[in-house]
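I'd like to go over a predicted model; first the sequence, then the structure.
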Amino acid sequence: MMRAMWATLFFLTHTTLSLVIIARVLMRPRIEPSVRLAWIMVVEAVPLLGILAYLLFGEVRMSQAEVQRMADVRDRLTGRDPGLPMVRPDRDDPAGPVIAANASVGGMEARAGNVLSLLEESDGAIDDLVAAIDGAQDHIHVLFYIWLPDASGTKIAEALMRAEDRGVQCRVIVDALGSRLLVRSALWDRMAQAGVECVTAFPWGLPFISVLFQRLDLRNHRKILVIDNRLAFTGSRNCADMAFRIKARFAPWVDILVSVRGPAVRQLQAVFLADWMSYTGRDLGPMLQPVAPQADPGIVAQVVATGPDLRAGSVSDCLSAMLHAARDRVIITTPYYVPDDALDAAIRAAARRGVQVTMILPARNDSLIVGATSEGFYYGLLAAGVRLVLFQGGLLHSKILTVDGRMAMIGSANLDRRSFELNYEVNMAVFDPEFVAALDARQASYVERARALSLEEVRGWSALRRIRNNACALASPLL
């Protein structure tokens with residue numbers, strides 16, 4: 001009798017909680033129908049655990065006071081650059097809608113007068129960063145998602161300590177999870193003792209208490225280095241060796257890194273300062289000074305910073321706008337492909353209307369689930385006419401999209417829902433045929449180290465592999 005009573009009580013309680021959660025899912029604003037359906041299926045199909053999963057990961061919970069403070073700081077710093085004209089393309093220019101979409105999402109306008117240089121793929125790129133740090137005279141601002149205390153990470157840390165020793169103010173932000181090995185190391189303590197101001201983004205604290213107020217998997221995934229408000233670096237590379245010792249079996253990790261001079265430096269500075277002021281509460285707004293054009297007319301560039309706060313839209317909207325503008329060819333490089341519906345549809349639609357679409361992905365992914373989920377999209381892409389090639393020279397970690405040899409997007413954001421909805425990312429749109437040609441040449445080098453994947457090969461995969469991939473793809477709205 002008692003057992004039956006407890007079973008009935010559990011059933012009624014679980015049913016009530018399930019209905020409450022489902023009602024919450026249906027009432028939430030700014031959520032895709034596919035995401036609603038996926039969460040309802042999880043809540044109904046997995047008793048109790050489905051409810052717990054939604055409570056932990058179903059919503060981007062943040063302190064409203066913190067969200068508003070971050071929005072206020074961002075709006076203050078990412079507004080229009082004083083004294084510099086905005087780039088306004090002609091009505092018939094395909095770049096026009098792309099620039100408008102980027103400004104709508106990131107809050108910053110396209111600026112001319114930039115000089116961009118593509119750094120080497122090798123660990124020599126770290127030496128370029130060290131040389132730039134050694135030339136700093138006033139301040140250095142560094143933000144990395146992953147910073148390892150390996151050879152490359154130690155080089156950067158020692159360069160910052162040398163800078164502090166000669167009176168240059170150094171500020172560092174690292175993600176608490178991604179850079180946990182550095183934060184726990186003696187190198188982190190040495191930097192702090194040398195005078196480098198070191199801050200962690202989204203520290204774990206007491207996770208069982210923190211989870212009640214904020215999602216624990218929010219991350220700052222950005223990669224930014226700004227020196228003296230005159231030179232900046234950004235891209236996909238973390239502060240680590242290509243050997244990437246925490247996941248060495250997938251090495252080398254192949255990335256892209258770009259040096260920036262000109263007005264876009266101010267925009268990257270604005271992103272760093274907004275993060276710094278949000279995390280520390282210390283006002284460094286006066287440091288955001290105009291940066292003069294470095295060439296006439298120079299390269300048109302536009303920084304797009306995104307994150308899970310009060311912003312409208314995501315980098316997916318910007319990429320979709322670029323794809324809809326494509327007329328001839330599109331080349332995409334990404335390590336992770338777990339797209340939202342709009343982006344996947346835009347890629348397939350471009351291929352169907354005759355655009356030559358090439359996608360370059362790693363043959364081996366460092367995440368089994370993400371790799372399987374990506375494979376779940378391959379059939380639809382290949383059937384639409386997309387050329388898929390799988391990079392075999394390590395873990396391809398670059399994030400690049402080029403359109404018609406005249407515009408591009410590079411940066412930290414993967415083509416996955418985590419980058420679109422949960423991570424703080426920074427990308428840069430570039431509108432310049434010469435620089436885009438350099439990006440396409442770099443992507444051509446990836447293709448040379450890749451093998452093509454055919455529709456026939458995907459059709460020949462085992463039933464078990466197809467079931468696994470499609471089941472993971474079905475759950476992609478939750479990843």
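The structure has been received and is ready for your questions. Quick caveat: nothing in here was measured; it's all calculated off a predicted structure.

in the stretch 1-150 of the chain, which segments are predicted with low confidence?
Applying pLDDT under 70 to the predicted model, the residue ranges of the stretch 1-150 of the chain that meet it are 1-2, 7, 10-11, 14, 29-31, 37, 45, 53, 55-85.

at 90 what do you get?
1-95, 107 (pLDDT under 90).

ok now the helix or strand where R442 lies, how far from the chain's centre?
Using DSSP states H and E, the element containing R442 is helix 433-448. Helix 433-448 has its average C-alpha position 21 Å from the chain's average C-alpha position, going by C-alpha atoms, centre = their mean, to the nearest Å.

Over to stretch 34-41?
Taking C-alpha atoms, centre = their mean, one finds the center of stretch 34-41 at 24 Å from the center of the full chain.

hmm, back to that, same for the helix holding R442, what does it pack against?
Identification of packing neighbours for helix 433-448 by 3 or more C-beta pairs under 8 Å, 6 or more residues apart in numbering; DSSP states H and E yields strand 111-118, strand 329-333, strand 356-362, strand 387-391, strand 400-403, strand 407-411. (Glycine included, C-beta is placed from N, CA and C.)

Flag every buried residue along the longest one.
Neighbour-count burial for strand 111-118 flags R111, A112, G113, N114, V115, L116, L118 (criterion: 16 or more other C-beta atoms under 10 Å).

I'd like the helices and strands packed on helix 433-448 as TSV, with distance to L319 appended.
Converted to TSV, the helices and strands packed on helix 433-448 look like this (distance: least, C-beta to C-beta, whole Å):
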stretch	distance to L319
strand 111-118	19
strand 329-333	9
strand 356-362	12
strand 387-391	17
strand 400-403	6
strand 407-411	6
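
Look up phi and psi at S259.
The phi/psi pair for S259 (degrees, to the nearest 10) reads phi -90, psi 150.

should've said L464
Dihedral angles phi and psi of L464 (degrees, to the nearest 10) take the values phi -60, psi -40.

Let me see the contact set for A163.
Contacts of A163 were listed using C-beta atoms under 8 Å, 6 or more residues apart in numbering, and they are I133, D134, A136, I140, C170.

swap that for F272, please
Residues touching F272, when contacts are defined by C-beta under 8 Å, 6+ apart, comprise H141, L143, R171, I173, I224, V226.

Hmm, the third one is touching V199, no?
By that I understand R171. Yes - between R171 and V199 there is a contact under C-beta atoms under 8 Å: 7.5 Å.

so what sits against both of the two?
Shared contacts of R171 and V199, defined by C-beta under 8 Å, 6+ apart, are found at W276.

Mind putting the contacts of F272 into TSV with secondary structure, distance to R442 and neighbour count?
Output for the contacts of F272, formatted as TSV (DSSP: H, G, I helix; E, B strand; the rest coil; distance: C-beta to C-beta, whole Å; neighbours: other C-beta atoms under 10 Å):
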residue	secondary structure	distance to R442	neighbour count
H141	strand	26	26
L143	strand	23	29
R171	strand	31	22
I173	strand	28	24
I224	strand	20	24
V226	strand	23	27
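
ok, D165 - how many residues close by?
A count of neighbours around D165, defined by other C-beta atoms under 10 Å, yields 10.

Kindly apply the preceding question to G313 instead.
The local packing of G313 (other C-beta under 10 Å) involves 16 other residues.

right, and the secondary structure at it would be what?
Following DSSP: H, G, I helix; E, B strand; the rest coil, the label given to G313 is coil.

Just give me the neighbour total for the nearest residue to it once chain neighbours are set aside.
Using C-beta to C-beta, 6 or more residues apart in numbering and skipping the chain neighbours, the partner closest in space to G313 is V105 (4.2 Å). Residues contacting V105 under the criterion other C-beta under 10 Å number 21.

Within the helices and strands, which one has V105?
Of the helices and strands defined by DSSP H and E, V105 is found in helix 95-106.

who touches that helix?
With contacts defined as C-beta under 8 Å, 6+ apart, helix 95-106 is touched by 78, 87-90, 108-110, 302-306, 311-315, 317-318, 320-322, 324-325, 406-407, 429, 431.

Could you give me the buried positions within it?
With burial defined by 16+ other C-beta under 10 Å, the residues of helix 95-106 counted as buried are A95, G96, V98, I99, A101, N102, A103, V105, G106.

Could you do stretch 161-171 as well?
Across stretch 161-171, burial judged by 16+ other C-beta under 10 Å covers M161, R162, A163, E164, V168, C170, R171.

one step back: quick one: which of the helices and strands packed on helix 433-448 is nearest W204?
Taking C-beta to C-beta, strand 407-411 is the member of the helices and strands packed on helix 433-448 nearest to W204, at 26.0 Å.

Direction included, what does the closest one pair against?
In the sheet, strand 407-411 lines up against strand 400-403 (antiparallel), strand 423-431 (antiparallel) (DSSP bridges).

So for it, mean pLDDT?
Throughout strand 407-411, pLDDT has a mean value of 98.
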